[in-house]
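In: quick one: sequence and predicted model below, then my questions.
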Amino acid sequence: MNIHEYISANRERFIEEWASLIRIPSVSCEQEHKPDMLRCAERWKELLLAAGCQRAEVMPAPTQDGNPFVFAEYQISNQQSAISNQQPPTVLVYAHYDVMPVAPLELWKSDPWEPDIREGRLYARGADDDKGQAMIQAKAFEYLVREGLMNCHVKFIFEGEEEIGSPSLAAFIEQHKDLLKCDVILVSDTSMVGKETPSLTIGLRGLAYWQIEVDGPNRDLHSGHFGGAVRNPINALTQMLAQVVDDKGRITIPHFYDDVLPIPDEERKMIAQIPFDLEAYKRAIDVPDVFGEEGYSTLERNSCRPSFDICGIWGGYSGEGSKTVLPSKAFAKVSCRLVANQDHEKISKLFAEYITSLAPSGVRVKVTPMHGGQGYLCPLDLPAYKAAERGFEIAFGKRPLAARRGGSIPIIAEFERVLGVKTILMGFGLEQNAIHSPNESMDLEVWEKGIVAVTEFYKALTE
């Protein structure tokens, strides 16, 4: 039976098993759902065993009050290895079973915890992120095992804290790195450019984040009595921050670009093929024009190049009416999106030194690093990437574009640091799936093509 026949014969069961996960409200950020986290982990254990894993278990998190992990594995027999005449690779599949809250509930058109299929989509919280995409992995695996076509060792590691920043994952990987040993990591938790424009995510930006505090006088002062004679902390802070990006969109921190790699010509050609309407982009966010680093397109700027942003700024009086004060303090939260090869800890130190050096006399500056993570870039010549590319080409009928994403998934770099292997980001989400929002959904045609693509990935990996 080929994969299309298998999906057709088992479609109702697939969707019901998917629904059984969705009905468990595994919201990791809400304490009231703590019992649901264990229920969902146990359900995944059942499903992975039923799919063909020889071993599956729910494992405790290494951090206090952390949510459990699900680990499962499938080892092909020595006889199968002999038939293939090569050492079979080990693929580690990562996913998460926690989801975002459903609020505001009144904006949902159907019960977020009861899947509703309409107009070719399945609507529910977790339909895409990440229960739907994880189910793609499970069903491709099931088909290959049941049809005797699996030529790889496969391990699964599913966590329940991704939506709250994966606080337990790094320690879990360190503690169980022998258990998780593999040749490549496969993740379906990203998106494609579009339904008609399949793509593989090859890069993610890193992140560095700080809070800045500028102290001036020991109390708020009367702006008439002291204005013009004492340095205003808000004035000082805004003057400092205004110098971080120049009029050509370039970040001025010394040595900031030392480790930034140029965008390869091949990749720039792929980016140019991505359907993008600049005027529609501006209308959608209601801005008169775009701005960014000179010499790069908008799609290159928001994915392949680093950026600096003031995320919040406050101080002084902001209540109703007027209060003529010269404030004693000013604050800002700022961040940099980083690209592969930039080290977030190095950048954090460079920024702190630079912003402090810009402080004018009359104020004191304190920079507090808050959090950060490394960027990620997958080589286009990696055999596992080529296998994923082949899987997409067979499933969607065209070669996928290689696309970087502007967001950050710090766990990907953490996997590489500890396990020493690359990750293939084989995601099937679409922008219209509205993850994290009311009426999250998954396109069922894309979902089934995803199962085909992952099936073909495994085949191509061992050919």
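Out: Sure thing, it's come through.
In: C-alpha only now, for contacts and for neighbours.
Out: Noted.
In: what residues does the strand or helix carrying residue 238 touch?
Out: Using DSSP states H and E, residue 238 maps to helix 233-242. Where contact means C-alpha atoms under 8 Å, 6 or more residues apart in numbering, the residues beyond helix 233-242 that reach it are 214-216, 315-316, 327-331, 355, 358-360, 363.
In: selection in ChimeraX covering whichever of the residues you listed are buried, please.
Out: The buried subset of the contacts of helix 233-242, as determined by 16 or more other C-alpha atoms under 10 Å, is captured in ChimeraX by this line:
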select :214,215,216,315,316,327,328,329,330,331,355,358,359,363
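In: of the contacts of helix 233-242, closest to residue 291?
Out: Ranked by distance to residue 291 (C-alpha to C-alpha), those are led by residue 355 at 22.7 Å.
In: in the helix or strand that contains residue 18, what counts as buried?
Out: Assigned by DSSP H and E, residue 18 belongs to helix 3-22. Using 16+ other C-alpha under 10 Å as the test for burial, helix 3-22 gives 3, 7, 14, 18, 19, 20, 21, 22.
In: and that helix, how far out from the chain middle?
Out: 26 Å (C-alpha atoms, centre = their mean, to the nearest Å).
In: which strands or helices does that helix pack on?
Out: helix 34-51, helix 131-146, helix 444-461 (3 or more C-alpha pairs under 8 Å, 6 or more residues apart in numbering; DSSP states H and E).
In: tell me the angle it makes with helix 444-461.
Out: For helix 3-22 against helix 444-461, the angle by axes from the mean of the first three to the mean of the last three C-alpha atoms, to 10 degrees is 120 degrees.
In: i'd like the first residue to be 2 from this point on
Out: Noted, 2 is the first residue going forward, which turns the last one into helix 4-23.
In: what does helix 4-23 rub up against?
Out: 41, 44-45, 48, 114-116, 125-128, 132-133, 136, 140, 144, 449, 453, 456.
In: swap in stretch 315-328?
Out: 217-218, 220-225, 227-228, 233-235, 329-333.
In: which among those end up buried?
Out: If you count burial by 16+ other C-alpha under 10 Å, the buried members of the contacts of stretch 315-328 come out as 217-218, 221-222, 224, 233-235, 329-333.
In: show only the entries of the residues you listed found in helices.
Out: Using DSSP state H, the subset of the buried ones among the contacts of stretch 315-328 located in helices is 224, 234, 235.
In: so after the worst-scoring helix or strand of the chain on mean pLDDT, what's the next helix or strand?
Out: Lowest on mean pLDDT, DSSP states H and E among the helices and strands of the chain sits helix 79-85, with a mean of 60. Per DSSP H and E, the first helix or strand lying C-terminal to helix 79-85 is strand 91-97.
In: what's the following helix or strand after that following strand?
Out: Next along from strand 91-97, by DSSP H and E: strand 117-119.
In: off-centre distance for that following strand?
Out: Worked out by C-alpha atoms, centre = their mean, strand 117-119 lies 27 Å from the chain centre.
In: residue 257 and residue 39: what is the separation?
Out: Computed as C-alpha to C-alpha, to the nearest Å, the residue 257 to residue 39 distance reads 44 Å.
In: cheers, nothing more for now.
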